[in-house]
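# Sharing a model prediction with you, sequence too.
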Amino acid sequence: MAKKNQTLGEFIIENQASFKYTSGELSRLINSIRLAAKVVNHEVNKAGLVDIIGAAGETNIQGEDQQKLDVYANDKFIQTLTNRNIVCGIASEEEDDFIIVNSQDENHQNKYVVLIDPLDGSSNIDVNVSVGTIFSVYRRITPVGTPVKLEDFLQKGSEQVAAGYVVYGTSTMLVYTTGDGVNGFTLNPAIGTFYLSHPNMQFPEDGKIYSVNEGNYIHFPIGVKKYIKYCQEEEGDRPYTSRYIGSLVSDFHRNMIKGGIYMYPKSSKNSNGKLRLLYECNPMAFLAEQAKGKASDGFNRIMDVQPTELHQRIPFFCGSKNMVEKAEEFMKEYSE
């Protein structure tokens, strides 16, 4: 039973039996993410004092300009997960291809692969707006003792064994699930320890916040336009409040606490949507469902989508269950 102010380490040990697999390897993996998050948090909090903000001068596989902190966070998470010898493969939004991690022994006995968005919302760094890390964990499907292959990463979201995010904001929080509810831990920076501050996090069934980049309104499908107008109508408990930070972790975190819907639909500019299925949508969908919310591409459950490529993009609707279902109604009614 989750106890408030319990440390993350204590929580992991106490709840290990509720993990899908109880070898202890997954517990060590979560601990490694905790360690890397603390290192990245320390660097994020120095932004502006040292030469860590601004563009790194490179573009990633997505064709997006990499920020210096993108590169730093990517290196730190890969380094931590690799050095502690607990995963057999890593895929990062910042890398062209997946990384094969060879165990120190010859048989490569590690069973888990990690997919990670090291620094979500990094374009906000320069203006001191919250950013985050998103991670997703799968049990490999190729034989243990062999190098991982692409199919180990191209699994449906429903096969995830753990997922979570770290939000670096006014306080730093690690929020994660292993398929038995969602719990949030806040970092005490004075002693470097995460404490359980938000046990059993859940989306309210309904909410009053809609989060979407309305600057792209003209490019949206008609169903999305109609739903936005519905949110703005004066009727019942509407109009809803528009809140959009531009950092998926921050928008999702606020909506889970207060109730709301986050939308990044396809558009005439991004025909497949913009968010990445493996690094952003699947882990957030797993968290949403474990928190009594819902995640959809506008028509279908996100976690039922079979990935076909490592950096696949997909439309994304996520949040309070009734709000997502209402958006789906509009999408279905006005499907083009």
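Noted; the coordinates are in hand. Owing to the predicted nature of the structure, the values given are computational and were not obtained by experimental measurement. Numbering: from 1, shown residues only.
# where does the stretch 101-250 of the chain have low pLDDT?
Along the stretch 101-250 of the chain, segments meeting pLDDT under 70 span 103-108.
# what about the strands in it?
112-120, 131-139, 160-168, 172-177, 182-188, 193-198, 209-211, 241-242 (DSSP state E, counting those that start in this stretch).
# burial measure for Glu329, as a count.
Using other CB atoms under 10 Å, Glu329 has 14 other residues around it. Backbone N, C-alpha and C define where each C-beta goes, glycine included.
# try Arg28
Counted with other CB under 10 Å, Arg28 comes out at 15.
# from the chain's centre, how far out does the helix or strand containing it sit?
Assigned by DSSP states H and E, Arg28 belongs to helix 25-44. Distance of helix 25-44 from the chain centroid (CA atoms, centre = their mean, to the nearest Å) equals 15 Å.
# and it, what other elements does it pack with?
helix 8-14, helix 68-83, strand 112-120, strand 131-139, strand 160-168, strand 172-177 (3 or more CB pairs under 8 Å, 6 or more residues apart in numbering; DSSP states H and E).
# Now the second one: buried residues?
Pointing back at helix 68-83 there. 68-74, 76-78, 80-81 (16 or more other CB atoms under 10 Å).
# on that earlier part again, indicate which one of the helices and strands packed on helix 25-44 is closest to His198.
Of all these, strand 172-177 sits nearest to His198, with 7.3 Å by CB to CB.
# How many neighbouring residues does the closest residue to Asp237 other than its chain neighbours have?
Counting by CB to CB, 6 or more residues apart in numbering, Lys208 is the residue found nearest to Asp237 once chain neighbours are left out, at 6.4 Å. Around Lys208 there are 17 other residues, counting by other CB under 10 Å.
# The chain should start at 9 in everything you say after this.
Happy to do that; since the first residue is 9 now, the last one works out to Lys216.
# and Lys216, what is it in contact with?
Lys216 makes contact with 245-246, 248-249, 266-268 under the criterion CB atoms under 8 Å, 6 or more residues apart in numbering.
# Angles on the backbone of it, please.
With angles defined as degrees, to the nearest 10, Lys216 sits at phi -130, psi 20.
# do Ile265 as well
Backbone torsions for Ile265, taken as degrees, to the nearest 10, come to phi -80, psi -40.
# returning to what we had before: which of the contacts of Lys216 has the most neighbours?
Neighbour-wise, the contacts of Lys216 (other CB under 10 Å) top out at Gly268, 27 neighbours.
# Return the distance of stretch 224-233 from the chain's centre.
Offset of stretch 224-233 from its chain centre (CA atoms, centre = their mean): 24 Å.
# Including distance to Pro229, could the strands of the stretch 109-258 of the chain go into a markdown table?
Below are the strands of the stretch 109-258 of the chain laid out as a markdown table (distance: least, CB to CB, whole Å):
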| stretch | distance to Pro229 |
| --- | --- |
| strand 120-128 | 24 |
| strand 139-147 | 25 |
| strand 168-176 | 28 |
| strand 180-185 | 31 |
| strand 190-196 | 30 |
| strand 201-206 | 35 |
| strand 217-219 | 16 |
| strand 249-250 | 19 |
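# Spell out which residues sit in contact with Lys329, please.
211, 213, 300-302.
# of these, closest to Ile142?
Taking these together and measuring to Ile142 by CB to CB, the closest member is Gly301, at 15.9 Å.
# Quickly list what the closest one is bridged to.
Ser328 (DSSP bridges).
# Quick check: it touching Phe211?
Yes - taking contacts as CB atoms under 8 Å, Gly301 lies within contact range of Phe211: 3.6 Å.
# shared neighbours, those two?
Between them, Gly301 and Phe211 share these contacting residues under CB under 8 Å, 6+ apart: 264, 327-329.
# Check those residues for burial and list the buried ones.
Among those, the ones that count as buried by 16+ other CB under 10 Å are 264, 327-329.
# Looking at those residues, spot the one nearest Ser166.
Of these, the one sitting nearest to Ser166 (CB to CB) turns out to be Lys329, at 17.5 Å.
# Nearest residue to the closest one in space, ignoring adjacent ones along the chain?
Lys329's closest residue in space is Lys302 (CB to CB, 6+ apart), at 4.6 Å.
# Can you name the residues that contact the one you found?
Residues in contact with Lys302, defined by CB under 8 Å, 6+ apart, are 296, 326-329, 332-333.
# for the residues you listed, which one is nearest Cys289?
Looking at the contacts of Lys302 and their distance to Cys289, the nearest is Cys326, at 7.8 Å (CB to CB).
# and that closest one, helix, strand or coil?
What DSSP: H, G, I helix; E, B strand; the rest coil gives for Cys326 is strand.
# what about it, how many residues close to it?
Neighbour number of Cys326 under other CB under 10 Å is 32.
# do the same with Thr178
As a burial measure, Thr178 scores 7 neighbours (other CB under 10 Å).
# which of the residues in stretch 184-203 are buried?
If you call a residue buried by 16+ other CB under 10 Å, then stretch 184-203 has these buried ones: 184-186, 189-195, 202-203.
# Now distance to Asp160 too, for those residues, in a markdown table please.
Below are the buried residues of stretch 184-203 laid out as a markdown table (distance: CB to CB, whole Å):
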| residue | distance to Asp160 |
| --- | --- |
| Tyr184 | 21 |
| Thr185 | 21 |
| Thr186 | 19 |
| Gly189 | 26 |
| Val190 | 25 |
| Asn191 | 27 |
| Gly192 | 29 |
| Phe193 | 28 |
| Thr194 | 33 |
| Leu195 | 31 |
| Phe202 | 29 |
| Tyr203 | 34 |
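# Right, I'll call it a day here.
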